[in-house]
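Engineer: dropping a prediction and its sequence here:
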Amino acid sequence: MSTAVAPKGLEGIVATTSSICWIDGDAGVLSYRGIDIHELAQRSTFEECTYLLWFGKLPTATELAEFTRHLSAARELNSKVVDLLRSVPADATPMQVLRTAVSLLSIYDADEADCSHDANVRKSYRLTAQIPMIVAIFDRIRKGKSIVEADKSLSHAANFLWMLNGEEPSETATRAFDIALILHADHELNASTFAARVIAATLADIHSAITGAIGALKGPLHGGANEATMRLLYAIDKAGADPVEYVKQMFADKKKISGFGHRVYHTEDPRATHLRRMSEELGKVAGNTKWFDLSRKIELFVKQEKKLNANVDFYSASTYTTLGIDIDLFTPIFAVSRISGWAAHVIEQHDDNRLIRPRADYTGPSYPATYTPIEKR
Ligand SMILES: CC(=O)SCCNC(=O)CCNC(=O)[C@H](O)C(C)(C)COP(=O)(O)OP(=O)(O)OC[C@H]1O[C@@H](n2cnc3c(N)ncnc32)[C@H](O)[C@@H]1OP(=O)(O)O
Ligand SMILES: O=C([O-])CC(=O)C(=O)O
């Protein structure tokens, strides 16, 4: 066995084969099953991308209609899960609640322990339909509003906005949200997907894998960075500060700027290109480009000073704020989309499984260390 130690954080290590997502971090290319993300963002829908991720090809019109019907039919939540959403403290964060509710879902899922391909696909439909429901229902409960029933005639994006706001979303908001879902759907072996695959590789069920993935997504170095970005924008705005001076001070204090940098991209994150445009366009439609303008000033300065590019989380912050979405829903909304990629990876892992179990380079006391009896320590 090789004794070479992998680079810290496993940077650059190829840990598995996968046919789902291909990234060229130097050229700024992201593709789902080989299809460029720019083309998908312009021409596809979240439903079609999810089909592509799960089944490895674009659907025919009949296949897409069938898939969409299955996905919307799965918009059902066990009443025990709704009871949980009612019983948690109103100040619980939506990410805490989502992680807990997805874990609870497994108890009421008829296929829970079945890790066969077909059972995984059935559970993937359910999880993909249920995660947005959990996010929307909890948000309404904590605000003292009545729950809005799912509308099975609406698209995935429109139904989420409908259940969240209780009013039919505009076409502009629905399409913007759908594009955001497309952009966030998968990203190869990012931390949450890798966590999901490690869990799945023990032959644990998909709910366990997705519960773990949600836990990994929550961190500010990963999906939590979209919330952290918006908190930064609010802090600058509230202080009435010059964004460049504010960020300069953060650099001086050795603080990281959320929404910048990436382990794989060494150039523009192709998803940021779309989110930047959406942030600006939605701001213009809403008659308020304040958050876009502030973001752009920060982006130009960070790029100039540190050669760091905005990642997917940077402009999703101002985009979601302009869509009227609360800050602590940003990371749950990442999960509303990423469930499609997580599911694809769990299915792929279970279809050709081997336990994932690397080694550690031991740096503790040398062996054999003395066991001193407790009374002599
Ligand atoms: C969906 C996603 O998960 S996208 C990523 C979301 N996360 C963020 O936006 C959080 C901010 N960004 C970061 O923390 C990092 O860029 C990560 C976590 C995304 C990538 O991390 P790594 O590949 O491990 O890079 P690492 O953190 O080692 O950074 C390398 C160097 O760039 C600096 N750097 C990287 N990102 C930033 C940043 N956002 N702000 C300031 N400096 C940064 C580091 O301080 C480090 O500098 P040093 O070599 O002088 O110590
Ligand atoms: O790939 C990564 O490390 C993080 C990321 O951009 C994502 O998960 O979308």
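Structural biologist: Nice, I can see it. Numbering: from 1, shown residues only. Ligands and ions are numbered 1, 2, ... in the order given.
Engineer: what segments of the stretch 201-350 of the chain are helices?
Structural biologist: 206-217, 225-239, 243-252, 270-286, 290-306, 312-322, 330-351 (DSSP state H, counting those that start in this stretch).
Engineer: closest one to ligand 1 among those helices?
Structural biologist: Nearest of the helices of the stretch 201-350 of the chain to ligand 1, taken as Cβ to the nearest ligand atom: helix 225-239 at 3.5 Å. Bear in mind the C-beta positions are built from the backbone N, C-alpha and C, glycine included.
Engineer: for the closest one, packing partners?
Structural biologist: The contact analysis (3 or more Cβ pairs under 8 Å, 6 or more residues apart in numbering; DSSP states H and E) places helix 225-239 against helix 243-252, helix 290-306, helix 312-322, helix 330-351.
Engineer: counting by contacts, list what the second one packs against.
Structural biologist: What that stands for is helix 290-306. Partner elements for helix 290-306 (3+ Cβ pairs under 8 Å, 6+ apart): helix 225-239, helix 243-252, helix 270-286, helix 312-322.
Engineer: how's this protein carved up into domains?
Structural biologist: 21-219+335-351, 225-322 (automatic domain parsing).
Engineer: name the residues of the stretch 51-200 of the chain found near ligand 1, please.
Structural biologist: Contact residues, the stretch 51-200 of the chain versus ligand 1 (Cβ under 6 Å from any ligand atom): Asn190.
Engineer: near ligand 2, which residues of the stretch 51-200 of the chain?
Structural biologist: Selection of the stretch 51-200 of the chain residues close to ligand 2 by Cβ under 6 Å from any ligand atom yields 187, 190.
Engineer: at 8 Å instead, please
Structural biologist: 184, 186-193 (Cβ under 8 Å from any ligand atom).
Engineer: for the residues you listed, work out which two are farthest apart.
Structural biologist: Across those, the longest distance by Cβ to Cβ is 15.6 Å; it joins His184 and Leu189.
Engineer: out of those two, which sits in the busier spot?
Structural biologist: Just comparing His184 and Leu189: by other Cβ atoms under 10 Å the higher neighbour count belongs to His184, 24 against 21.
Engineer: which ones are touching that one?
Structural biologist: His184 sits next to 271, 312, 316, 334, 337-338 when contact means Cβ atoms under 8 Å, 6 or more residues apart in numbering.
Engineer: residue ranges in the stretch 1-150 of the chain under the pLDDT threshold?
Structural biologist: 1-2 (pLDDT under 70).
Engineer: redo that, cut-off 90
Structural biologist: Applying pLDDT under 90 to the stretch 1-150 of the chain picks out residues 1-4, 90.
Engineer: so where do the helices sit in it?
Structural biologist: 37-43, 46-55, 61-73, 79-87, 94-107, 117-142.
Engineer: any chance of these in TSV, with mean neighbour count too?
Structural biologist: Listed next are these as TSV, based on neighbours: other Cβ atoms under 10 Å:
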stretch	mean neighbour count
helix 37-43	17
helix 46-55	23
helix 61-73	14
helix 79-87	15
helix 94-107	20
helix 117-142	21
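Engineer: list just the one of the ones you listed that sits closest to His207.
Structural biologist: Between those, helix 94-107 lies closest to His207; by Cβ to Cβ that is 3.3 Å.
Engineer: and the closest one with helix 206-217, angle?
Structural biologist: Put simply, helix 94-107 runs at 170 degrees to helix 206-217, going by axes from the mean of the first three to the mean of the last three Cα atoms, to 10 degrees.
Engineer: so who does the residue positioned nearest the centre of the chain touch?
Structural biologist: By Cα atoms, centre = their mean, the chain has its centre lying nearest to Phe334, at 3.3 Å. Contact analysis of Phe334 by Cβ under 8 Å, 6+ apart lists 184, 217, 223, 226, 316.
Engineer: among those, who's most crowded?
Structural biologist: Counting by other Cβ under 10 Å, top hit in the contacts of Phe334: Ser316 with 31 neighbours.
Engineer: which residues touch that residue?
Structural biologist: Here Ser316 is in contact with 180, 184, 226, 229, 275, 330, 334 (Cβ under 8 Å, 6+ apart).
Engineer: one more time with 10 Å, if that's ok
Structural biologist: Contact partners of Ser316, counting by Cβ atoms under 10 Å, 6 or more residues apart in numbering, are 180, 183-184, 223, 225-227, 229-230, 259, 271-272, 274-275, 278-279, 325, 330-331, 333-334.
Engineer: for ligand 1, what's its nearest residue on the chain.
Structural biologist: Residue nearest to ligand 1 within the chain: Gly261 (2.2 Å; Cβ to the nearest ligand atom).
Engineer: skip the chain neighbours and tell me the closest residue to Met133.
Structural biologist: Of all residues not flanking Met133 in the chain, Leu77 sits nearest, at 5.4 Å (Cβ to Cβ, 6 or more residues apart in numbering).
Engineer: next: Gly56.
Structural biologist: Closest to Gly56 by Cβ to Cβ, 6+ apart is Arg33, at 5.8 Å.
Engineer: wait, doesn't the one you found sit right on Leu58?
Structural biologist: Yes. Under the criterion of Cβ atoms under 10 Å, Arg33 makes contact with Leu58 at 8.2 Å.
Engineer: more neighbours: which of these two?
Structural biologist: Arg33 (19 against 16).
Engineer: separation between the more buried one and Leu52?
Structural biologist: 5 Å (Cβ to Cβ, to the nearest Å).
Engineer: which residues are common contacts for these two?
Structural biologist: Counting by Cβ under 10 Å, 6+ apart, the residues touching both Arg33 and Leu52 are 20, 40, 58, 186, 344.
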